[in-house]
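Peer 1: Kindly generate the corresponding structure for this input.
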Amino acid sequence: MDIKIVPSPLSGQVDIPPSKSAAHRALICAALSEGTSRVEPYCTSEDIKATAACLRAFGMRIEEDEKGYTVGRGERIKGGTLDFGESGSTARFLLPVAAALGAEVTAKGKGRLPQRPMKVLTDLLRQHGVEVSSDNLPMTLKGKMTAGEFALPGNISSQYISGLMLAAPLLDGDTEIIPTTALESVGYIDMTVDAVKGQGVGVEETEKGWKISADQSYKPRDIKIEGDWSQAAFFMSAAAIGGDIRVHGLDFASRQGDMAALDVFAAFGADISIEGDVLHIRKGELRGIEVNAADIPDMVPAIAATAAFARGKTVIHSAERLRIKESDRIKTTIAALNALGIKTEERPDGMMIYGGRPKGGAVDGANDHRIVMAFSVAAAFAEGESVITGAEAINKSYPEFFEDLKKLGGKIQ
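Peer 2: Next up is the predicted model:
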């Protein structure tokens, strides 16, 4: 699907969808519990559908309605096929869970997911007694994972640590997770700790990492999924560039790393205030900034779109992991900026952006939901009409995005 965007003012209010990061964790913990849990609200993203489908493949009971999910243990199955779709989170969370359950599974994915690295995880699974056929999808797993020490780099992906933490209560023995390098995306590990503890499993923070003792089990509870800060960043970008937008549904005590959007867009010059439970963002006099993206890689496209309108240059660094997202997100972000007439410089770990006045242009969505959303926002304020290809990529995380953009005054065909 290609879309045409005609520049128009954006203002009003928007209800942010539930956090994809929180929803993955909530459904997994609920499905592994010894009872029935209620998880709300319902999530429409393709990634969360993939997680729900994989949990059903394990034999878990997940019933959906328009408000959310009723989740129960069901009859656990010792084998089957796990289709992760394009969801890296689903893969990195559920491969350790499958190994901890002793399930013999065939795992597959699509898009760029089969090319995204898994060797850190597959090596650990092999060290703990699991037969793994490949370091990339598709792969088969056979055998039950043993407990013990799991040492792995902390700067590759926090999702490996989260996956092991989610699986640990299922193992026959104490588990210790030990980062061997400095951690990145710490907030998302904290989210996992909170999710596991919330279901009755103790997690001890040690000098070396985390310890999960044996003889624990997940307990059922009702879970309310918080709003998604990474999606809020697109509307914060729109407001900072030239709008007046109130965002509903966010948790201002969130562990989500992308809550850093408050600081990032304030640094750009946006007028930001919190009015009760509402985030209010208004246009500011934007200036270029320096951004360390190590803990907020998903925000980079929204930051880059904003930088295109800022006076001076913006430097984004420590974003190497963007190379292995749904696209090489450093290259595709730069290509989108160039298509709108903005000068950039590529760096191994990021980019330099020279702000100006973006022109309308043809943007390749690169089958990347965050590229499509970020540059739909930029196109709304560009000089002239723009076309964005592959706009259906938004279904991965935020299928209602264009409808919400239209409610704010966006002109989209």
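Peer 1: Note down every partner strand of the strand or helix carrying residue 177 and its orientation.
Peer 2: Secondary structure assignment for residue 177, by DSSP states H and E: strand 175-179. Strand 175-179 pairs in its sheet with strand 148-152 (parallel), strand 210-212 (antiparallel), by DSSP bridges.
Peer 1: Could I get the CA-only coordinates of that strand as PDB?
Peer 2: Output of strand 175-179 as PDB, limited to C-alpha atoms (Å, rounded to 0.1, in the frame of the first residue of the first chain):
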ATOM      1  CA  THR A 175      19.400 -19.700  37.500                       C
ATOM      2  CA  GLU A 176      21.800 -16.800  37.400                       C
ATOM      3  CA  ILE A 177      21.900 -14.400  34.500                       C
ATOM      4  CA  ILE A 178      25.300 -12.500  34.200                       C
ATOM      5  CA  PRO A 179      25.900  -9.700  31.800                       C
END
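Peer 1: Quick one: mean pLDDT for that strand?
Peer 2: Averaging pLDDT along strand 175-179 gives 97.
Peer 1: and what of stretch 256-276?
Peer 2: Averaging pLDDT along stretch 256-276 yields 97.
Peer 1: Pull out the buried positions in that stretch.
Peer 2: For stretch 256-276, the neighbour count (16 or more other C-beta atoms under 10 Å) marks 256-262, 264-266, 268-270, 272 as buried. C-beta: built from backbone N, CA, C; applies to glycine.
Peer 1: Pipe those residues into TSV and attach distance to residue 293 and secondary structure per row.
Peer 2: Converted to TSV, those look like this (distance: C-beta to C-beta, whole Å; DSSP: H, G, I helix; E, B strand; the rest coil):
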residue	distance to residue 293	secondary structure
256	15	coil
257	10	helix
258	11	helix
259	15	helix
260	10	helix
261	12	helix
262	16	helix
264	10	helix
265	14	helix
266	17	helix
268	14	helix
269	19	coil
270	18	coil
272	20	strand
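Peer 1: which among those gets closest to residue 211?
Peer 2: Closest approach to residue 211 among the buried residues of stretch 256-276 (C-beta to C-beta): residue 257, at 23.4 Å.
Peer 1: neighbours around the closest residue to residue 311 other than its chain neighbours, how many?
Peer 2: Spatial nearest neighbour of residue 311, excluding adjacent residues (C-beta to C-beta, 6 or more residues apart in numbering): residue 287 at 5.2 Å. The local packing of residue 287 (other C-beta atoms under 10 Å) involves 15 other residues.
Peer 1: what does residue 36 give?
Peer 2: Residue 36, neighbours per other C-beta under 10 Å, totals 15.
Peer 1: So what does it look like in phi/psi?
Peer 2: For residue 36, the backbone dihedrals are phi -110, psi 130 (criterion: degrees, to the nearest 10).
Peer 1: and if you look at residue 313?
Peer 2: Per-residue torsions, residue 313: phi -110, psi 150 (degrees, to the nearest 10).
Peer 1: circling back to that earlier point, can I get the buried residues of stretch 256-276 in a markdown table with distance to residue 197?
Peer 2: Shown next, in a markdown table, are the buried residues of stretch 256-276 (distance: C-beta to C-beta, whole Å):
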| residue | distance to residue 197 |
| --- | --- |
| 256 | 17 |
| 257 | 19 |
| 258 | 22 |
| 259 | 20 |
| 260 | 23 |
| 261 | 26 |
| 262 | 25 |
| 264 | 29 |
| 265 | 31 |
| 266 | 31 |
| 268 | 35 |
| 269 | 39 |
| 270 | 35 |
| 272 | 31 |
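Peer 1: Pick out the most distant pair among the residues you listed.
Peer 2: Within the buried residues of stretch 256-276, two members stand farthest from each other by C-beta to C-beta: 256 and 269, at 23.2 Å.
Peer 1: Helices along the stretch 51-200 of the chain, start to end?
Peer 2: 88-101, 119-127, 158-167, 186-198 (DSSP state H, counting those that start in this stretch).
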